[in-house]
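A.B. asks: Turn this into a model:
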Amino acid sequence: MCMRILRSTALVLSLGASACSTLPANAGGTCDMSTAQVFDRVGESVVSISATSINPYSTTDRVSRDTGSGIVIDRARRLVLTNAHVVLGAQYVTVTVRDSDTVHADVVGLDPVFDLAVLRLDDSPGLDLKAATLGQSSAVRVGQDVIAVGNPLGLTRSLSTGVVSAVDRVLPVAPFAMSQPYIQTDAAINPGNSGGPLLDRCGHVIGINTAVIEGAQNIGFAIPSDLAREVIPRLVRDGRIVRPWLGFQGQFVDEDLAGILRIPMTTGLLVEAVEPGGPAEARGLQGGRMEITIDGDSILVGGDIITHINGHRIDSIGALTQSLRPLTVGDRVTLQIFRRGERTSVSYELPERPLLPSDLAGQVELPVGSAADSGQALH
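C.D. replies: As a prediction, this is how the structure comes out:
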């Protein structure tokens, strides 16, 4: 059984002062606005985005158009927050405000890993923007009411309601070096909702809707507003998030797997694929050669197993995360490796992570219920 995570665009189918208005999600007490009141407060802050792309390598159907949603976060600077996958690779972007005023927008900054982008609207006479408020996603609790507003399937500024189904949900598509938790909700999220807000009963943005599980009954995910608050100033300042590139994909494994397969293995980070042109390839790291399936979960075995990173033993997902978190561009990383029963080590300097082919993918398919829930790498 496989789970397909779909970015909810129309086609499918990690700091400075904040650049937006920010207040605690429950500033001034517990909010209990009606759904209609929330929409009245925030509805005009939600915009529709159209992104036009041209494929220079195709002779037919060269032009494609993605549609998505966004939220005005800074009225004075005309900034809109949306998903990176809505505008990634677009040659021309337009934004429609209040279903009537359409203006050109430039991509100020974009990060495909966190799937966030900031747009700046052209200054247009008579353009009257209303900015939303970012709440605190750390205050979100399972079971609380939430409201999603966006433009599903081109139906502008549509509203759906639901509850928070889970918090701190780490998706199996998250890169192991920089996975972050999502808010899971059963509020209906459809193609075109990408980049739209997930709201609490205060009318505050607690998440940015980004993905759903294909074939499921309303299992959707939103990027927490706390992460967006951290990322926005960096996107506005630098145009991107600068992060180190290890140059391989893999997942955490333990010795139980060795007992099942009866092959030499140890606990650590199993290298499944080495990315072409990356630093790991240059230092001779080896990826897997044989795919096996255990309880429906696919693993590519036969590659190196990283047992230590800069001297830190990789004996759990937590240890892996802790060892990777402090790494920055220019640092030197030393990997101790278990390779076909022997131990060796490699060391290399970490370059900046480039835009990778996987960043352009609109959907990813992964096994359900494996160690990938916390440790799978796809970046």
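
A.B. asks: What count of nearby residues applies to residue 143?
C.D. replies: Neighbours of residue 143 under the rule other Cβ atoms under 10 Å: 7. To be clear about C-beta, it is placed using only N, CA and C from the backbone, and glycine gets the same treatment.

A.B. asks: backbone phi and psi for it, please?
C.D. replies: phi 100, psi -10 (degrees, to the nearest 10).

A.B. asks: Just give the nearest non-adjacent residue to it, would you?
C.D. replies: Nearest non-adjacent residue to residue 143, counting by Cβ to Cβ, 6 or more residues apart in numbering: residue 163, 5.6 Å away.

A.B. asks: For the top helix by length along the chain, output the C-alpha coordinates as PDB.
C.D. replies: The residue-count maximum for a helix in the chain (DSSP state H) belongs to helix 225-238. Taking Å, rounded to 0.1, in the frame of the first residue of the first chain, the C-alpha atoms of helix 225-238 are listed here in PDB:
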ATOM      1  CA  SER A 225       2.700  29.700  11.100                       C
ATOM      2  CA  ASP A 226       5.700  29.600  13.500                       C
ATOM      3  CA  LEU A 227       7.900  28.200  10.700                       C
ATOM      4  CA  ALA A 228       6.500  30.700   8.300                       C
ATOM      5  CA  ARG A 229       7.300  33.600  10.700                       C
ATOM      6  CA  GLU A 230      10.900  32.400  10.900                       C
ATOM      7  CA  VAL A 231      11.400  31.900   7.200                       C
ATOM      8  CA  ILE A 232       9.600  35.000   5.800                       C
ATOM      9  CA  PRO A 233      12.300  37.600   6.700                       C
ATOM     10  CA  ARG A 234      15.100  35.400   5.300                       C
ATOM     11  CA  LEU A 235      13.200  35.000   2.000                       C
ATOM     12  CA  VAL A 236      12.700  38.800   1.800                       C
ATOM     13  CA  ARG A 237      16.300  39.500   2.700                       C
ATOM     14  CA  ASP A 238      18.200  36.800   0.800                       C
END
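
A.B. asks: any idea of the mean pLDDT in it?
C.D. replies: Taken as a whole, helix 225-238 has a mean pLDDT of 95.

A.B. asks: Could you list the buried residues of that helix?
C.D. replies: 225, 226, 227, 228, 229, 230, 231, 232, 233, 234, 235, 236 (16 or more other Cβ atoms under 10 Å).

A.B. asks: can you tell me which two in the residues you listed are farthest apart?
C.D. replies: Largest separation among those by Cβ to Cβ: 226 and 236, giving 17.2 Å.

A.B. asks: Flag every buried residue along the helix or strand encompassing residue 337.
C.D. replies: Assigned by DSSP states H and E, residue 337 belongs to strand 332-339. By neighbour count on 16+ other Cβ under 10 Å, the buried set for strand 332-339 is 333, 335, 336, 337, 338, 339.

A.B. asks: next structured bit after it?
C.D. replies: Going down the chain from strand 332-339, the next helix or strand is strand 342-349, by DSSP H and E.

A.B. asks: ok, that following strand: who's next to it in the sheet?
C.D. replies: Here strand 342-349 is paired, per DSSP bridges, with strand 332-339 (antiparallel).

A.B. asks: contacting residues around the partner strand?
C.D. replies: 246, 264-266, 268, 285-286, 304-311, 327, 343-350 (Cβ atoms under 8 Å, 6 or more residues apart in numbering).

A.B. asks: could you give the mean pLDDT of the strand holding residue 337?
C.D. replies: In this model, strand 332-339 has a mean pLDDT of 95.

A.B. asks: what about residue 253, distance to residue 306?
C.D. replies: From residue 253 over to residue 306 the distance is 10 Å, taken as Cβ to Cβ, to the nearest Å.

A.B. asks: For residue 260, give its distance to residue 116.
C.D. replies: 39 Å.

A.B. asks: now swap in residue 45 and tell me
C.D. replies: Counting by Cβ to Cβ, the gap from residue 45 to residue 116 is 17 Å.

A.B. asks: now swap in residue 329 and tell me
C.D. replies: Distance of residue 329 to residue 116, given as Cβ to Cβ: 20 Å.

A.B. asks: so how far is the helix or strand hosting residue 40 from its chain's centroid?
C.D. replies: Assigned by DSSP H and E, residue 40 belongs to helix 35-42. Centroid separation for helix 35-42 versus its chain: 27 Å, with Cα atoms, centre = their mean, to the nearest Å.

A.B. asks: So residue 329 and residue 116 - more neighbours on which side?
C.D. replies: The neighbour comparison of residue 329 against residue 116 (other Cβ under 10 Å) goes to residue 116, with 26 against 13.

A.B. asks: Look up the closest residue to that one, ignoring the ones flanking it.
C.D. replies: Residue 116's closest residue in space is residue 231 (Cβ to Cβ, 6+ apart), at 5.3 Å.

A.B. asks: Over to residue 196?
C.D. replies: Nearest in space to residue 196, with sequence neighbours left out and distances taken as Cβ to Cβ, 6+ apart, is residue 150 at 2.9 Å.

A.B. asks: Please report phi then psi for the one you found.
C.D. replies: phi -170, psi -160.

A.B. asks: again, but for residue 54
C.D. replies: Dihedral angles (degrees, to the nearest 10) for residue 54: phi -120, psi 130.

A.B. asks: how much space between it and residue 131?
C.D. replies: Distance, residue 54 to residue 131, using Cβ to Cβ: 32 Å.

A.B. asks: The two: which is more packed in?
C.D. replies: Neighbours per residue, other Cβ under 10 Å: of residue 54 and residue 131, the larger number sits with residue 131, 20 against 12.

A.B. asks: Backbone dihedrals for that one, both of them.
C.D. replies: Dihedral angles (degrees, to the nearest 10) for residue 131: phi -90, psi 140.
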